[in-house]
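# Give me the fold of what follows.
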Amino acid sequence: MKLVRMLMALSLCVSLHASAEDIEVTLYADANYPPYSYVEDGELKGVYANIIKRAVSRMKGYKVTLVGVPWKRGLRLIESGKGFAIYPPYFHVEKRPYIWPYSLPILDERVMVICREDLFFRALRLKWVEDYYGLVIGVNSGFHLGGEAFWQAVEEEKITVSEAKGSRENLLQLGLKRIDCYLNDRISILWELKKLKRSGEYDEGGKHVNLIEGATISIEQGFLGFTDMDEGRFAFKEDFKKQFDIIIYDMRRSGEMQKIISDFLR
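Purely as a prediction, here's the structure:
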C-alpha cells in the first residue's frame, strides 16, 4: 500500500508539472503585406504584429512564436493541417473552407480617399462617389479599389483616374496638386505619408498642400484564422482562441488597440 501511495503521488506530481508547462505555438504571418504585416531586416513588423505580440504576451499556458512566411505558403500550411493559425486573412469561409474558426476581428482595414484640403472648403464630400465627380483620383497601378460605381463613373468620364506606381508617387502628385485625391487603404496612406514627412520629401503647408481624409469606401477586417484540417492534433485550439478573443475584445473596448495603431502611425 505504501508503494502504491508513493506511485500515485509521483503520478500526480508529473501531471501537475506537465500542465504547468507552456504549450509552444507558432502563428504564421504574411511576410509581405506592409504596413500591416511584413519582414524587415529579419524582423517581423507591422501593425498586426504589434497588436498580436501584445495580446499573446497576456495569454496563460502558451509560448507563442510569430513567423513571417510568403502568404501562399502560409495558406498551404493551414490547408495541410501542419500550421496552427495564420494572420490576417479576411473572412472568406466559402473561398477557404480549411480555415475555421476565425478569431474576433483584430483590425478594420479601411479603404478611403485622401484629398487636397482646399477641395473641402465648399463641400464636405462625404458621399462616394457622387461628391467626387469632376475630380482626378490617383490610384496605384494594378489596383482595382473603389467599387463598381466608381469605375462606372470613370467609364462615363465623370471621374478621371491617374495611375502611379505606388503610395509614395501618388502622395507626391497629390501634394503638388497634380491630382485631387488619392484612393487606397487608410493605414497604408498614413504610414507612407509619415515616412515622406519624416524624410523631408513632403513639406505639408510649404511646398506641398495640406491634406484631409475624405469618404470611406469600404472596410475589410483581418482575423487570426485557425486550421480546420488538423484532425484534433491541436487539442488546445478552443482554449487558445477563447483566451485570444477575450484579450482582443478588451484591447478594442479599452482603446488600447487604437493607441497601438496611433503609435504605429506617429
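# And the strands in the stretch 151-266 of the chain, which stretches?
In the stretch 151-266 of the chain, the strands defined using DSSP state E, counting those that start in this stretch lie at 160-164, 181-185, 211-222, 225-227.
# for the residue nearest the centre of the chain, what are its contacts?
Computing the C-alpha centroid of the chain and ranking residues by CA atoms, centre = their mean puts residue 36 first, at 4.5 Å. If a contact means CB atoms under 8 Å, 6 or more residues apart in numbering, then residue 36 has 30, 46, 47, 48, 88, 107, 109, 187, 222 as its contacts. Yep, even glycine has a C-beta here, placed from its N, CA and C like the rest.
# buried set for the helix or strand harbouring the fourth one?
It stands for residue 48. Secondary structure assigned from DSSP states H and E places residue 48 in helix 47-56. Using 16 or more other CB atoms under 10 Å as the test for burial, helix 47-56 gives 47, 48, 49, 51, 52, 55, 56.
# just to revisit the earlier point, would you turn the contacts of residue 36 into TSV with distance to residue 24?
Shown next, in TSV, are the contacts of residue 36 (distance: CB to CB, whole Å):
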residue	distance to residue 24
30	22
46	23
47	25
48	21
88	22
107	26
109	30
187	31
222	24
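# Return the member of those nearest to residue 119.
residue 187 (22.3 Å; CB to CB).
# Does that closest one touch residue 265 like I think?
Yes. Taking contact to mean CB atoms under 8 Å, the distance of 6.9 Å between residue 187 and residue 265 places them in contact.
# between the two, who's got more neighbours?
Neighbour comparison, residue 187 and residue 265: the larger count goes to residue 187, with 21 against 15 (by other CB atoms under 10 Å).
# distance of that one from residue 177?
Shown here: residue 187 relative to residue 177, a distance of 24 Å by CB to CB, to the nearest Å.
# mind listing the helices for this structure?
Shown for the chain, the helices assigned by DSSP state H span residues 2-20, 47-56, 71-80, 148-155, 167-175, 186-199, 237-254, 256-265.
# Turn those helices into a markdown table, including distance to residue 214 and mean pLDDT.
Below are those laid out as a markdown table (distance: least, CB to CB, whole Å; pLDDT from 0 to 100):
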| stretch | distance to residue 214 | mean pLDDT |
| --- | --- | --- |
| helix 2-20 | 54 | 36 |
| helix 47-56 | 22 | 97 |
| helix 71-80 | 30 | 97 |
| helix 148-155 | 13 | 97 |
| helix 167-175 | 11 | 96 |
| helix 186-199 | 11 | 95 |
| helix 237-254 | 25 | 98 |
| helix 256-265 | 18 | 95 |
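# so which of these gets nearest residue 229?
Of all the helices of the chain, helix 71-80 sits nearest to residue 229, with 6.2 Å by CB to CB.
# for that closest one, which positions count as buried?
By neighbour count with 16+ other CB under 10 Å, helix 71-80 contains the buried residues 71, 74, 75, 77, 78, 79.
# Is the third one in contact with residue 87, as I believe?
No. Counting by CB under 8 Å, no contact exists between residue 75 and residue 87, whose distance comes to 11.7 Å.
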